[in-house]
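> Quick one: sequence plus predicted model below, questions after.
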Amino acid sequence: MATYDERTLADLMDGKLDWAKVKEIISNPKDPERFDQVVRILQSRVPWKERILLPLAEHLYIVQKGTERIVKCDCGYEFGDYRENWKHKARVYVRDTVESLREIYRPFEHSDPRWMELREFICPGCYTLLEVEAVPPGYPVIFDFKPDLEAFYTMVLGRDLPS
């Protein structure tokens with residue numbers, strides 16, 4: 001089983017490795033320390049001190065804040081309890097007209113807005129685009145997933161969840 005240093009993993013995360021090295025890394029089984037290495041890299045890149053428990057998505061993390069576990073953006077904006085859909089506290093731009101779709105698509109390459117809309121979820125703190133949903137108009141906001149933190153730490157990592 002290959003192991004990689006944090007610099008190599010950081011370069012992987014930043015898209016700085018050539019394809020041969022990327023293929024090698026993603027093809028090999030993950031070493032037992034990989035999760036901790038990635039969390040250390042991510043923790044070093046954020047301006048806040050709360051401990052990252054789990055990377056949730058690009059720019060989003062589940063962190064331990066006192067006795068709470070919340071979703072937090074790179075910039076420090078707090079979306080609240082991780083068991084609730086963070087998207088409900090994000091800014092949302094809905095592309096549901098031909099004009100709004102043409103801002104990102106060439107003519108005749110976008111969907112029919114009567115059948116599909118694009119929802120762009122944006123951090124209210126730093127205005128980073130966090131996620132995009134392509135859904136029928138009126139479709140409920142998608143809750144991507146609610147991780148079982150206790151099971152992940154116990155069953156996957158083999159240790160107790162930090163408190």
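Nice, thanks for sending it over.
> For L157, which residues are in contact?
F35 (C-beta atoms under 8 Å, 6 or more residues apart in numbering). For every residue, glycine as well, the C-beta is placed using N, CA and C.
> Can you tell me how far it is from L53?
11 Å (C-beta to C-beta, to the nearest Å).
> how about the helix or strand bottoming out on mean pLDDT in the chain: buried residues?
Between all helices and strands in the chain, the lowest mean by mean pLDDT, DSSP states H and E belongs to helix 98-101, at a mean of 89. Going by neighbour count (16 or more other C-beta atoms under 10 Å), the buried part of helix 98-101 is 100-101.
> Can you classify T154 as helix, strand or coil?
The three-state label given to T154 by DSSP: H, G, I helix; E, B strand; the rest coil is helix.
> correct me, but it touches D160?
Yes. Using C-beta atoms under 8 Å, T154 and D160 qualify as a contacting pair, with a distance of 7.0 Å.
> what about the strands in the protein?
Remark: strands assigned in the chain by DSSP state E are 51-57, 60-65, 68-73, 78-81, 91-95, 117-122, 129-135.
> Please produce JSON lines containing these, extended by mean pLDDT and distance to L42.
Output for those, formatted as JSON lines (pLDDT from 0 to 100; distance: least, C-beta to C-beta, whole Å):
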{"stretch": "strand 51-57", "mean pLDDT": "97", "distance to L42": "6"}
{"stretch": "strand 60-65", "mean pLDDT": "98", "distance to L42": "7"}
{"stretch": "strand 68-73", "mean pLDDT": "98", "distance to L42": "11"}
{"stretch": "strand 78-81", "mean pLDDT": "98", "distance to L42": "17"}
{"stretch": "strand 91-95", "mean pLDDT": "97", "distance to L42": "23"}
{"stretch": "strand 117-122", "mean pLDDT": "97", "distance to L42": "20"}
{"stretch": "strand 129-135", "mean pLDDT": "97", "distance to L42": "15"}
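> Of all the ones you listed, which one is nearest I142?
Closest to I142 of the strands of the chain, according to C-beta to C-beta: strand 129-135, at 5.6 Å.
> and the gap between I41 and D5?
Taking C-beta to C-beta, one finds I41 at 11 Å from D5.
> which strands and helices sit next to the longest helix anywhere in the chain?
Ordering each helix of the chain by length in residues (DSSP state H) puts helix 34-45 first. Contacts defined by 3 or more C-beta pairs under 8 Å, 6 or more residues apart in numbering; DSSP states H and E place helix 34-45 against helix 6-13, strand 51-57.
> All set, thanks.
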